[in-house]
Structures are given as C-alpha cells and as structure tokens.
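Enquirer: any chance you can model this:
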Amino acid sequence: MSYAPTSREQENTGFRCAHCGREVPAHPGGSYRNHCPYCLWSVHVDIAPGDRAADCQAPMRPEAVDHSGKKGYILIHRCTVCGAVDRNKLAPDDDLDVLISLQRPA
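Expert: Numbers count the residues shown, from 1 in each chain. Okay, here's the model as predicted:
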C-alpha cells in the first residue's frame, strides 16, 4: 500500500522567500506556511485565507503584531502594491528579534 499525502501536506511545502531569498522549510506544526520565519515578509496570494485567488502576487511587508484571545499573536502584513492588509498567526519558528522590532511603543 502506498502513502498518499493529505491536501494539507501537499500545501505545506517549503519555498524561497521573495524578500530575503532564504529557503523556508515547511511549517513545523503541519499548518500552512504563509510567511518567511526569518524576515516575516509574505506574498499577496489570497483574497480569503487559503484561496490563492489574488492576482496581485506582490510582496507583503510585516507591519505590526496584534494579539487575539483565540489565536494568540497575529502578524499583520500590508501589500506593497495594492495596500491590502492580511492577518496571519505567528509560526513557532518565527524570528523573535524581527518580531520585536515591529512592536510600537504604547
């Protein structure tokens, strides 16, 4: 019997970051990887989470960090071309120094 990967395993693949150029591994928790853990940049690929329907395909700059009672810490991205804003849960291997640099004083 051969092993067939689930759709989530097929989607949770590594990639080369469009911003810093580093090789990014698959998400360690088995979830979808939506940003680079090294520089925290993303690419505008979704209109609704996971739909891959955005035509923009431009880099998305990490702008801030928010906290949600249900999801924990959330990374906020803004598209560098169209200005769309996206919110993504932090990954366990995200660079905390880069994350802290996004914090704005209260």
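Enquirer: SS state for Ser101?
Expert: Following DSSP: H, G, I helix; E, B strand; the rest coil, Ser101 is assigned to helix.
Enquirer: for this structure, what helix or strand is lowest in average pLDDT?
Expert: Confidence across the helices and strands of the chain bottoms out at helix 7-11, with a mean of 49, counting by mean pLDDT, DSSP states H and E.
Enquirer: ok, then the element right after it?
Expert: Following helix 7-11 in sequence order, the next helix or strand is strand 15-16 (DSSP states H and E).
Enquirer: roughly how far out does that next one sit from the chain middle?
Expert: Computed by Cα atoms, centre = their mean, to the nearest Å, the chain-centroid distance of strand 15-16 equals 12 Å.
Enquirer: other SSEs contacting the helix or strand following that strand?
Expert: Sequence order places strand 23-24 as the next helix or strand after strand 15-16, per DSSP H and E. Where contact means 3 or more Cβ pairs under 8 Å, 6 or more residues apart in numbering; DSSP states H and E, strand 23-24 is packed against strand 15-16. For glycine as for every other residue, the C-beta is placed from the backbone atoms N, C-alpha and C.
Enquirer: report the mean confidence score over the strand it packs on.
Expert: For strand 15-16, the mean pLDDT works out to 88.
Enquirer: describe which strands that strand pairs with in its sheet and in which direction.
Expert: Paired strands of strand 15-16, with direction, are strand 23-24 (antiparallel) (DSSP bridges).
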